[in-house]
Structure formats: structure tokens, C-alpha cells
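Q: here are the coordinates; sequence isn't available:
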DNA sequence: ATGGTTGCTTAGCAA
């Protein structure tokens, strides 16, 4: 089974590329982030033609997440449902093919010290609490998405320059560590050790051709599922060409 | 400190 995550940065702007990529990569399950549309504007008919169902948590203009799957999903859950502020559409969860899968769009945080920064740290804390409350560690579980945090120096093109920014800040890394301490395995690092692997490159300053990126998109797996992960890749090719997203898809293969 | 780019929405925000 092939599982992928991709921040498409507007599903309308990326519709053609998304459809083309689905046909070439043939994933069974795809977590999408930054749809920037409500559910009624989601290109459901086109995706159905390619054989996908979709669980959508949409929002106008900002955010918006979805999970595409070849098998019809069950138990669709939107947001944390923890009694806190769920106004921003950043989390959707399904059960499908014996797995539980979550698509997450962690807040960017704008600027260290801002309200949005506080919201980012709080959101990661709520994600850990949600895992504690809702997901048994024995489950085959994957939480995939744009975490807007690079875990380690090897995940950053220039760690010294990026140190202390919202994407590579000690507090954000600690908050992500707390999420992972639930018992999540970074699938990409099961298969690749070195630096130089990134999933996001700024549109500006020729960041992509210079490979000045960060690895902020992740597929985190529960222990039972991590044991079945046979491959993990970042599809750099999808960042090339006309009108790419600023993020590349991350793809894992699972022996399930 | 600022700028560089893209997307959504209509000059400015978010990333």
C-alpha cells in the first residue's frame, strides 16, 4: 500500500498537477493540506473519475485538509473535538483499509512571539492530547502532513541561518518532540540518514534550484505500522516545472 | 531590517 502527504497550496490552483500526479504515483491514500476551499468547491468529480473517495475538512481562503483513498473511508472526524477552538480546518481523520490516518496542517506561526506563534505551540500540544485521548498505541496509525517544523539540523539547508525561526525554533522542535514521544516513528528517517532531503522550498530567492529547503512535511507512523514501512521518498520532481506547490509530496510504501 | 514569490481576494494578508 502506498500512502502520501502533500501540501498542495490551493487545490484549485493545483488541480491539474494533482490529477496528473495521482495517475503517475498511484497512491492508495493521500493526505492533502492547504486546500483553501470549502467542501463544495473541492474537485470531487474529477477525483472520483480517478477512483478516489475523499474525506474533506474545508475552509474558505485558508487552511483546509483532506484524505483521498481508493477504499471508502469510515469514521471521518474533523478537528480535535476537544472543546477548544476548532475554527481553523487543520485536522481530518479517517479509518480506511485497517489503518487510522490523520491529515494535519500545523500552524506556521508567522513570527516568534506573535499570537500565531502561541497558537502553533498550543496546536501541537492539543495534537499530543488528541493522540493520548483518541488513538490506541496498538493501532496501525499514521499522522501525515505539513508540520511546519524541521525536527533536526540535518533537515535544514542552513541550520545556523534558520535557527530560531518559526520553522526551526527550539520551542517548536520541543513541541513536535512531545507529539512524537507518544510513540511515532519518522518514516523518512527509517530509510535515509543524511542531510539534503527537503520537502519545502520558498518560492522566493531561487530557493528550489539552490536546494535551500527544509524537511517540514512528515509521515509519522505508530510502532506497529512503522515495522511494515518498506520505503519512503520525497517526490522532488513535483516541485519542478510550471506552477508547482512550494511543497513536494512525501510518499511511503507499507507492507499491509 | 528588508526583500524575494505565490494564492486568494481585491490592497492586503498568509505563507
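A: Sure, I can see it. Here the structure is a predicted model, which means the values were calculated and not measured. Numbering: from 1, shown residues only, chains lettered A, B, ... in the order given.

Q: element containing the residue of chain A positioned farthest from its centre?
A: Within chain A, residue A:160 marks the point farthest from the mean C-alpha position, 24.9 Å out by CA atoms, centre = their mean. Here residue A:160, judged by DSSP states H and E, is contained in helix A:159-162.

Q: tell me the mean pLDDT for the next helix or strand after that helix?
A: As assigned by DSSP H and E, the chain's next helix or strand after helix A:159-162 is helix A:170-180. Here helix A:170-180 scores 98 as its mean pLDDT.

Q: Stretch A:62-78 too?
A: For stretch A:62-78, the mean confidence score works out to 98.

Q: Buried residues in that stretch, which are they?
A: Using 16 or more other CB atoms under 10 Å as the test for burial, stretch A:62-78 gives A:63, A:64, A:65, A:66, A:67, A:68, A:69, A:70, A:71, A:73, A:77, A:78. For the C-beta atoms, the positions are set from N, CA and C on the backbone; glycine is no exception.

Q: from what I can see the fourth one touches residue A:53, true?
A: No: no contact is recorded between residue A:66 and residue A:53 when judged using CB atoms under 8 Å, the distance being 10.3 Å.

Q: quick check, nearest of the buried residues of stretch A:62-78 to DNA strand B?
A: Of all the buried residues of stretch A:62-78, the one sitting nearest DNA strand B is residue A:63; the distance, using CB to the nearest atom of the strand, is 6.9 Å.

Q: The residue nearest the centre of chain A: which element?
A: Chain A has residue A:145 as the residue nearest its centroid, 0.9 Å off, counting by CA atoms, centre = their mean. Take DSSP H and E as the rule and residue A:145 turns out to sit in strand A:141-146.

Q: same for that strand, what does it pack against?
A: strand A:2-7, strand A:29-33, strand A:99-105, strand A:217-222, helix A:223-226 (3 or more CB pairs under 8 Å, 6 or more residues apart in numbering; DSSP states H and E).

Q: quick one, which of the ones you listed is packed in tightest?
A: With neighbours defined by mean count of other CB atoms under 10 Å, none of the helices and strands packed on strand A:141-146 is more surrounded on average than strand A:29-33, at a mean of 29.

Q: In the stretch 1-150 of chain A, what residue spans correspond to helices?
A: Under the criterion DSSP state H, counting those that start in this stretch, the stretch 1-150 of chain A contains helices at A:15-25, A:44-49, A:115-134.

Q: For the shortest one, buried residues please.
A: Within helix A:44-49, the residues that qualify as buried by neighbour count (16+ other CB under 10 Å) are residue A:47.

Q: what residues does chain A put near DNA strand B?
A: Within chain A, the positions lying close to DNA strand B (CB under 7 Å from any atom of the strand) are A:9-10, A:12-13, A:36, A:60-63, A:107-108, A:110, A:116, A:203-205, A:243.

Q: Filter those residues down to the buried ones and hand me the ChimeraX line.
A: Here is the ChimeraX command that picks out the buried ones among the residues of chain A next to DNA strand B, judged by 16+ other CB under 10 Å:
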select /A:9,36,63,107,108
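
Q: Quick one, grab the pLDDT at the closest residue to residue A:165 other than its chain neighbours.
A: Distances taken as CB to CB, 6 or more residues apart in numbering put residue A:112 closest to residue A:165, at 7.4 Å, once the chain neighbours are dropped. In the prediction, the pLDDT value recorded for residue A:112 is 97.

Q: Taking the stretch 1-150 of chain A, what residue is nearest to DNA strand B?
A: residue A:10 (3.1 Å).

Q: wait, what's in contact with that residue?
A: Residue A:10 sits next to A:34, A:35, A:36, A:37 when contact means CB atoms under 8 Å, 6 or more residues apart in numbering.

Q: Can you give me the neighbour number for residue A:98?
A: Residue crowding around residue A:98 was assessed by other CB atoms under 10 Å; the count is 11.

Q: and the gap between it and residue A:28?
A: 12 Å (CB to CB, to the nearest Å).

Q: show me what contacts residue A:137?
A: By CB under 8 Å, 6+ apart, the contact list for residue A:137 reads A:182, A:183, A:222, A:223.
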